[in-house]
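Novice: Next comes the sequence, and after it the predicted model I'd like to discuss.
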2 protein chains.
Amino acid sequence: MAGHFAGGPAELVLTASVARRYYLDARSKVEIAEEFGLSRFKVARLLQTARASGLVRIDIGYPGAIDVGLSDRLQEAFGLRHAVVINTDDATSLRRHLGEAAAELLTEIVTADDVLGLAWARSVSAMTTALTRLAPAPVVQLTGALSRADDEDSSVDLVRQAARVSGAPAHFFHAPMIVRDAATARALRRQPEIARAFARFSSVTKAVVGVGLWVPGQSTVYDAADTEARRVVRRLGVRAEISGVLVDADGRPVPTALAERMICVNAAQLRAMPEVIAIVYGTTKVAAVRAAVRSGLVTGLVTHSALANALLATA
Amino acid sequence: MAGHFAGGPAELVLTASVARRYYLDARSKVEIAEEFGLSRFKVARLLQTARASGLVRIDIGYPGAIDVGLSDRLQEAFGLRHAVVINTDDATSLRRHLGEAAAELLTEIVTADDVLGLAWARSVSAMTTALTRLAPAPVVQLTGALSRADDEDSSVDLVRQAARVSGAPAHFFHAPMIVRDAATARALRRQPEIARAFARFSSVTKAVVGVGLWVPGQSTVYDAADTEARRVVRRLGVRAEISGVLVDADGRPVPTALAERMICVNAAQLRAMPEVIAIVYGTTKVAAVRAAVRSGLVTGLVTHSALANALLATA
DNA sequence: ACCGGCTCCGCTCAGATGAGCAGCGGGAGG
DNA sequence: CCTCCCGCTGCTCATCTGAGCGGAGCCGGT
């Protein structure tokens, strides 16, 4: 493939001329053949050798924030419908950049016929912040609120913000993501406001979620859970959390007692959504992201170079 | 041309995928269309934008001694049949490298049906030194010897060496390049040995020559001429010397008294040779080389980057 | 609402292209 | 000298491709 050029200097230069005419000046092989006094077959063969010998190099890349090559490979490798890899790995601006990229992606792919579902995650919050334009699609809240002291945007605010941009209705509810026991959760889900939002899950066509690794500090759900639940869930094989949906290392949903206590979308509902885009950063989460894409629940990924490379390395 | 990409991230990545499939994996547009569920027209348009936006970059170059891009441009710009530009400008090894390149070129383009003509020049000498393989073409000496004390190879040796490699007859003669007066030159040209060689000029199909600038130290003929001749010839407008043939800045042959005193090929004879390759180095000679290629006497050029660039800059 | 202009899309069809094949010529070996 | 073999060349035909055309949807101005 990258073999050296066989012929002499004259043929080398001739080949280069032909290649330039063909690839850069966009002439047809017939034209080139006439111009150089060759048969079109000879021209075709010269171009073949030009490609094979590496005389003509074609590379696909773009001088911008998006690493298109990596995005493409990621999409291909995991069979994703969408993959956007951001070039920077700078920790300080990473979340903002991913938010912007995801916002752009959403602006592009969401139409008025869509119903948008949003889970709570800091990365999803960064997206809504960056969102400036959106087709008039209704927005549905997918998860309850997580009681973190430093949260600027609650789960509810996030949904309302997106709906404000889209100009279509917001379907939100006020409830925590995790409650003390299953009974309380069941009671809450019967609340009219919450039930109405949940009823819309089945019509959601595009969702945006976060992914957490089931270890301290790498999952808002993990951090919000009590010590006992953390341990039990861990022992059941849960490795990753997709906006509340708990899956094992291979992406299989794991039934847990904790899930009974959560006010959020479940695996079956998520799977029914044609498009689920995860925004994830931090190489620590490699295993979680791999589980998420393997699960098939996640069909799109917005991430950064380091994580993308890590994913591909272990694929 | 180098405009940025218009669409959103999803289309950007899709375009990159399609471009990779097309340019790197060499799939047909129809195949790609089926694979991605698009029409082949859509694929074509994506590829167009990919090219126009700079997402797909094609460059032609070769990691070797020969700068193919420059060679190509030179060939194109001056309508040359052959152009070989060597990448290095390192003065110490320049002549040797050019000699090797020219030798390769000659090995490639000379066939048993050719008759090879060789003029004397240090660069041509470097070529014969590097010559290891050559079709059995007879070799004809085009110029007399120049009496430089430091010459390793005389005009004669050069011809014999090439003929030894080719395995075909050498047609050489022993005579100086410049003699005291025209009468002596005429007498010499009538010498059987010399006349026989000269008679072969008309059958020469490929010649290799040097080019000199008509200033001190840039032309072996200039240096070999007497002060008076140098001045007279200069005043007649001569700027360049192509292995003894004197031309002005535009490449027009200039009739001179000096020419009458020289034992070498003349302009008409040189012009009759279908292929005349000049080996030249040193940016000082730019004007001389331009004159030589403009003259149409020279149809091929073996040179180095700096000189090639200088030529193109002033073209 | 209606119209005119605009853009985007996919169709048609002629011309361009590639895979495979046969002819030719040149060199090695008998 | 002949003969075989190999590589190069250009042909055929089925497929691919590009330029141009017309229709569908969109948008802004009455």
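Specialist: Yes, it's here. Values in this document were obtained by computation on a predicted structure and should not be read as measured data.

Novice: Would you map the strands across chain A?
Specialist: Per DSSP state E, chain A has strands spanning A:56-60, A:82-86, A:116-118, A:139-141, A:170-171, A:206-213, A:238-242, A:245-248, A:275-279, A:300-304. These are given in chain order.

Novice: Can you list the strands that the longest one pairs with?
Specialist: Read it as strand A:206-213. Strand A:206-213 has the following sheet partners, assigned by DSSP bridges: strand A:116-118 (parallel), strand A:238-242 (antiparallel), strand A:275-279 (parallel).

Novice: Burial check on A:Ala272, number of neighbours?
Specialist: Applying the criterion other C-beta atoms under 10 Å in any protein chain shown, we find 14 residues in the vicinity of A:Ala272. For glycine as for every other residue, the C-beta is placed from the backbone atoms N, C-alpha and C.

Novice: need the contact list for it.
Specialist: For A:Ala272, the contacting residues are A:Phe201, A:Ser202, taking C-beta atoms under 8 Å, 6 or more residues apart in numbering or on different chains as the criterion.

Novice: per-residue pLDDT, the residue lying closest to A:Ala103 once chain neighbours are set aside?
Specialist: Leaving aside its chain neighbours, A:Ala103 sits nearest to A:Ala130 (3.9 Å; criterion: C-beta to C-beta, 6 or more residues apart in numbering or on different chains). Looking at A:Ala130, its pLDDT stands at 93.

Novice: contacting residues for A:Ala130?
Specialist: With contacts taken as C-beta under 8 Å, 6+ apart, A:Ala130 has the following neighbours: A:Arg96, A:Gly99, A:Glu100, A:Ala102, A:Ala103.

Novice: which among those residues gets closest to A:Gly64?
Specialist: A:Glu100 (12.0 Å; C-beta to C-beta).

Novice: Distance-wise, check that closest one relative to B:Gly54.
Specialist: In this structure, A:Glu100 and B:Gly54 are separated by 22 Å, where distance is defined by C-beta to C-beta, to the nearest Å.

Novice: And for A:Val247?
Specialist: Counting by C-beta to C-beta, the separation of A:Val247 from B:Gly54 is 40 Å.

Novice: how many other residues sit next to A:Ile66?
Specialist: Counted with other C-beta under 10 Å, residues neighbouring A:Ile66 total 23.

Novice: Let me see the ranges of the helices in the stretch 201-315 of chain A.
Specialist: Ranges of helices in the stretch 201-315 of chain A, per DSSP state H, counting those that start in this stretch, are A:220-224, A:227-235, A:257-260, A:267-271, A:286-295, A:305-313.

Novice: Please enumerate residues in contact with the longest helix along chain A?
Specialist: With residue count as the measure and DSSP state H as the assignment, chain A has helix A:91-109 as its longest helix. Residues lying outside helix A:91-109 but in contact with it, judged by C-beta under 8 Å, 6+ apart, are A:65-66, A:82, A:84, A:86, A:88, A:116, A:122-134, A:206, A:208, A:275, A:277, A:279, A:281, A:300, A:302-304, B:7-11.

Novice: and the residue of chain A nearest DNA strand C?
Specialist: The shortest separation between chain A and DNA strand C is 3.3 Å, found at A:Lys29 (distances taken as C-beta to the nearest atom of the strand).

Novice: what residues are up against that residue?
Specialist: By C-beta under 8 Å, 6+ apart, the contact set of A:Lys29 is A:Tyr22, A:Arg40, A:Val43, A:Ala44, A:Leu47.
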